[in-house]
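In: everything below, folded, please.
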Amino acid sequence: MGFYQDRIVPHLVNLAMRNRQLTPYRERILSQADGRVLEIGVGSGVNLPLYTDRASEVLGLEPHPRLLKMASAKATPIGSKLFEGSAESIPLDASTVDTIVVTWTLCTIPDVTKALAEMRRVLKPSGQLLFVEHGLSPDEGIRKWQDRLTPICASALTGRLWASPDG
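Out: A predicted model of the protein is given here:
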């Protein structure tokens, strides 16, 4: 990685993702995370303090070593393990995760189709995928900034996929 990618980008991502306007989206999604949770793109760990006691363990996957180091300094109310890796090749056994959390991350994954297949592989059949993602603004000026700053965007889509029949 070059100087910009290694030293500047992690701090910009951390600063942007700490935006207080995003907190209600995070809290709504993270309050639904149950059991063994895998967070894809844990970044600097902004979500970690927001998990509830419904989660028994949080596994944080992050490809960027500096962001992972920033996340390791965050306090969590439950046990967490952070590891470097790619969403396209999740280093976990099949059907071992109860919940997968993705917040403003899918747009940063080079092969999102492969990443979603990997998420499906590690998720238990009764598991759930919880997500918060952004969409493109209809305003051209804002779209240009979104392209420059992706994944930094305040507009959000939230939801749950692959939910258990009970949920």
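
In: so which elements touch the longest strand along the chain?
Out: In the chain, with assignment by DSSP state E, the single longest strand is strand 123-133. Applying 3 or more CB pairs under 8 Å, 6 or more residues apart in numbering; DSSP states H and E, we find strand 123-133 packed against helix 23-30, strand 97-103, strand 157-161. Just so you know, the C-beta spots here come from the backbone N, C-alpha and C atoms, and that holds for glycine as well.

In: partner strands of the second one and their direction?
Out: Sheet pairing for strand 97-103, assigned by DSSP bridges, gives strand 35-40 (parallel), strand 123-133 (parallel).

In: for the closest residue to residue 42 other than its chain neighbours, give me its contacts.
Out: Once flanking residues are discounted, residue 42 sits nearest to residue 60: 3.2 Å by CB to CB, 6 or more residues apart in numbering. When contacts are counted by CB atoms under 8 Å, 6 or more residues apart in numbering, residue 60 touches 39, 42, 45, 48, 68, 71, 80, 81, 82, 83.

In: would you mind giving those as TSV with pLDDT and secondary structure added?
Out: Converted to TSV, those look like this (pLDDT from 0 to 100; DSSP: H, G, I helix; E, B strand; the rest coil):
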residue	pLDDT	secondary structure
39	97	strand
42	94	coil
45	92	coil
48	94	helix
68	91	helix
71	90	helix
80	88	strand
81	94	strand
82	95	strand
83	94	strand
